[in-house]
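In: coordinates only, sequence not included:
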């Protein structure tokens, strides 16, 4: 045990400054959630394996962390199966629980399990860690927090409107200006696919379209052709590739393309409803933008699709996303519960705030004031004052040992404590406190009330 | 999947009310921690197995949840070992990570790993879940939160003093009056064992003594005798069994018993130092009490031992505990780092507050005001007002659908929303809002400013 201990790859320790910054983000989001009427739930870190397995595709199943059964987990295993020595076959025999992979499936499970206690429409938020056995890389972790808000039990479009306001409220409160909220609608994508004769190739079509920014028009067309979308259909897409202008102008173009598709027109109407409301209500700092190439999680979304892009000055990509889904709880046997939700990409938001210097200066302060310890009598005198300071909300502490003055001052400096208070025999005698401002170097001798006021007003 | 889904035994879902109440406790404690100069850290949910295994005894090792390796975890296993089909032997071959069992060992690992970045004395707190494969029973869960505060890097007794103040501050802030903070000292127990000729039987001696309340004096004596403690020694304990009176009176008796033990006298001096300081500083609502039978986690503690008992009106037992340890980080190769810490028993504190009705009434409120939805025009008008309400800190929302009035009012009732706001054609015309107090039934028509004031002052 002489070698320095370590933590598993893909996991992180958070030091006090990092915890403070993370909680600043969490608390800002929580406050907005609650102002909008969302309420928190929490679910267990591990679920029964059959709750999670099969919900995220084959890749997902592999990335779920499984928990080994306790006790003699091999005892009851059939000899024939054991002798095969096949990891995939053995897993369900020796593991019945698994760590949460996201917050969506546990939420669906929660809604179904507690459906009789829940008053619908149910607006819940959830901020908890999830775990994925992904290959760790820069910005990708095996343990990370997700932060979701969803409404289930209503298909009103006012909720889409509110989620856009919610994004705007959160990012404005975080002082992160210049965020773009992109919106699209699954029905528009389906409509286009239908119109160009690729109705049965919706996924291939959207996967290709989604790459427009990255690989360019020609390559997108080539990919579509290679997937069996007819040339004639691709030709009809031409107006889409050059789609530009305001929300309204884009809508006009889309209406032309989608004239023959009832579903497509429905999608446009939904977009227009949302955009009109947002225009009437106004956004603080964010911008709402129509992005017809936006397709994230298409298998899952049935109406609106959202994605939030960080300000273009930081190359960060998506810092949030979400959409409307119509059958979330169906996997657990509760049909026809429509829902819509959004999530915040916490780790990326952290990086964005860090790189733009947007964390408040005071966010990671340790304590406001350190009392220097000159000996037991002085320490007791100081603790009586400290009690008063703390009761006034000041974060204050006594250096625990009567160490050399220099050592104690160094401690204050290293911890960036703004005020140091010295109480020696003279101060005790006069019932006064010598306050030293560690930034300006100023020093003054004050009574307790003045001391408290001085620290509080800084 | 038609059957209702469930969660693993020993785990819990928390609904909005429960989350709100839990966070009320967490936040009260956090605020006190920070006022006292403690700073938060967070460590990963799982650690490398060799960080945890062997740190909690054999029983602990069995209760640690192990995570199955990903991929073809059987592929590399030696045929001979595999064919033994021995769960204990196979475990380390197929599992390299394990869920955190407490916060203490991860904290020790953190201090050693980050020793060069940490400024000592280091005052940290940590509130995170831990997992134990214990048999679930009433009040015992497989996933539960721990809440620890520790100072490492100083052996000053002022810290013991501060921890007693901290307990008092937290329980006073929670309005939980009548809490008893029991204190003892390992050195006193060692001293007594030495004096009665059981210096090599310290554990047997304290385990027996610890049962005094439960099994009574005669049975304790019998147990000691059966463990090989000489009758002559047990006779010397007589004054201990009838130990009573004030802190000072008990100390006097102990001094007599321990006169010949240097270590015992040292322990008494420490207790007296702490008690004298606490008397000088005063406690808000808690009472400090000497309990010489207190021995929790004795293998681990080297000085002060704390335990907090809930008010006697609730039969709950310990709601917190802690003590001084001198070699926490030694297990990871960093010697001579003295520490002292306390923890809060969150689940029990929750039950105590619940049974005494001490949660603030407002703690679990959902929203302050629900706007009834009479149609799209009214909804948009309402959302403009809601935006202002939210900016004033009021939690407000619009019912998403223009459902029947009765349904919307029922929704407000079921969610115990105190105010409902009605905006129909008339109100829109007059730019007014009809506010209905759902408790008193009172109704009034107000402009936006008056509406906001009315809700805020309630």
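Out: Structure's in. What do you need? Here the structure is a predicted model, which means the values were calculated and not measured. Residues are numbered from 1 along each chain as shown, chains lettered A, B, ... in the order given.
In: Going by C-alpha atoms from here, please, whenever you check contacts or count neighbours.
Out: Noted.
In: any weak-confidence spans in the stretch 1-150 of chain A?
Out: Residues of the stretch 1-150 of chain A that meet the criterion pLDDT under 70 lie in A:1-3.
In: Please, where are all the helices along it?
Out: All helices of the stretch 1-150 of chain A, identified by DSSP state H, counting those that start in this stretch, fall at A:16-35, A:49-52, A:57-63, A:79-84, A:87-94, A:104-113.
In: Next: the stretch 151-300 of chain A.
Out: Remark: helices assigned in the stretch 151-300 of chain A by DSSP H, counting those that start in this stretch are A:158-173, A:186-195, A:202-209, A:212-226, A:231-236, A:238-241, A:247-258, A:262-281.
In: Next, format the helices of the stretch 1-150 of chain A as CSV and append mean neighbour count and distance to chain B.
Out: Converted to CSV, the helices of the stretch 1-150 of chain A look like this (neighbours: other CA atoms under 10 Å in any protein chain shown; distance: least, CA to the nearest CA, whole Å):
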stretch, mean neighbour count, distance to chain B
helix A:16-35, 19, 4
helix A:49-52, 20, 7
helix A:57-63, 14, 7
helix A:79-84, 12, 8
helix A:87-94, 16, 5
helix A:104-113, 21, 6
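In: what would those look like in JSON lines with distance to residue B:304?
Out: Shown next, in JSON lines, are the helices of the stretch 1-150 of chain A (distance: least, CA to CA, whole Å):
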{"stretch": "helix A:16-35", "distance to residue B:304": "27"}
{"stretch": "helix A:49-52", "distance to residue B:304": "45"}
{"stretch": "helix A:57-63", "distance to residue B:304": "46"}
{"stretch": "helix A:79-84", "distance to residue B:304": "52"}
{"stretch": "helix A:87-94", "distance to residue B:304": "44"}
{"stretch": "helix A:104-113", "distance to residue B:304": "44"}
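In: Which one, of those, ends up nearest to residue B:436?
Out: Ranking the helices of the stretch 1-150 of chain A by proximity to residue B:436 (CA to CA) places helix A:16-35 first, at 19.7 Å.
In: Compute the inter-axis angle for that closest one and helix A:158-173.
Out: Interaxial angle, helix A:16-35 versus helix A:158-173 (axes from the mean of the first three to the mean of the last three CA atoms, to 10 degrees): 140 degrees.
In: Determine the set of other helices and strands touching helix A:16-35.
Out: With contacts taken as 3 or more CA pairs under 8 Å, 6 or more residues apart in numbering or on different chains; DSSP states H and E, helix A:16-35 sits against helix A:158-173, helix A:346-356, strand B:39-40.
In: The longest one versus helix A:346-356: what angle between them?
Out: Looking back up the chat, that one is helix A:158-173. 40 degrees.
In: circling back to that earlier point, most packed of the helices and strands packed on helix A:16-35?
Out: Among the helices and strands packed on helix A:16-35, strand B:39-40 has the highest mean neighbour count (mean count of other CA atoms under 10 Å in any protein chain shown), at a mean of 24.
In: Show me what that one is packed against.
Out: Other elements packing on strand B:39-40 under the criterion 3+ CA pairs under 8 Å, 6+ apart are helix A:16-35, strand B:122-131.
In: how far off helix B:16-35 does the last one point, in degrees?
Out: It stands for strand B:122-131. 160 degrees.
In: got the buried residues for strand B:122-131?
Out: Residues B:122-131 are the ones in strand B:122-131 that count as buried (16 or more other CA atoms under 10 Å in any protein chain shown).
In: Compile the helices and strands packed on strand B:39-40 into a markdown table and extend it with columns for distance to residue A:141.
Out: What follows is the helices and strands packed on strand B:39-40, written out as a markdown table (distance: least, CA to CA, whole Å):
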| stretch | distance to residue A:141 |
| --- | --- |
| helix A:16-35 | 15 |
| strand B:122-131 | 19 |
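In: and of those, who's closest to residue B:408?
Out: Of all the helices and strands packed on strand B:39-40, it is helix A:16-35 that lies closest to residue B:408, at 19.5 Å by CA to CA.
In: Residues in contact with that closest one: which ones?
Out: A:39, A:125, A:127, A:149, A:166, A:169-170, A:173-174, A:346, A:350, A:359, A:363-365, B:39-42, B:366-367, B:390, B:393-396 (CA atoms under 8 Å, 6 or more residues apart in numbering or on different chains).
In: Now for the residue nearest to residue A:133 when sequence neighbours are not counted: which residues touch it?
Out: The spatial neighbour of residue A:133 that comes closest, neighbours along the chain excluded (CA to CA, 6 or more residues apart in numbering or on different chains), is residue A:63 at 4.5 Å. Contact analysis of residue A:63 by CA under 8 Å, 6+ apart lists A:132-134, B:70.
In: same thing but at 6 Å, please
Out: Residues counted as contacts of residue A:63 (CA atoms under 6 Å, 6 or more residues apart in numbering or on different chains) are A:132-134.
In: repeat for residue A:276
Out: Contacts of residue A:276 (CA under 6 Å, 6+ apart): none.
In: rewinding a little: keep the buried residues of strand B:122-131, but drop any that are not near chain A.
Out: Filtering these for proximity to chain A (criterion: CA under 6 Å from any CA of the partner chain) leaves nothing.
In: And the residues you listed, which two are furthest apart?
Out: It's B:122 and B:131 that sit farthest apart of the buried residues of strand B:122-131, by CA to CA, at 25.9 Å.
In: just to revisit the earlier point, most tightly packed of the helices of the stretch 151-300 of chain A?
Out: Among the helices of the stretch 151-300 of chain A, helix A:186-195 has the highest mean neighbour count (mean count of other CA under 10 Å), at a mean of 25.
In: Remind me what it packs against, helices and strands.
Out: helix A:262-281 (3 or more CA pairs under 6 Å, 6 or more residues apart in numbering or on different chains; DSSP states H and E).
In: Mind listing what's buried along stretch A:360-375?
Out: Counting neighbours by 16+ other CA under 10 Å, one finds that the buried residues in stretch A:360-375 are A:364-374.
In: Of these, which is the nearest to chain B?
Out: residue A:367 (5.4 Å; CA to the nearest CA).
In: Excluding sequence neighbours, find me the nearest residue to that closest one.
Out: Nearest one to residue A:367, counting by CA to CA, 6+ apart, is residue A:395 at 4.9 Å.
In: For that neighbour, which residues are in contact?
Out: Here residue A:395 is in contact with A:367-368, B:35, B:37 (CA under 6 Å, 6+ apart).
In: Put together TSV for those residues, with distance to residue B:178 on each row.
Out: Below are the contacts of residue A:395 laid out as TSV (distance: CA to CA, whole Å):
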residue	distance to residue B:178
A:367	30
A:368	31
B:35	23
B:37	26
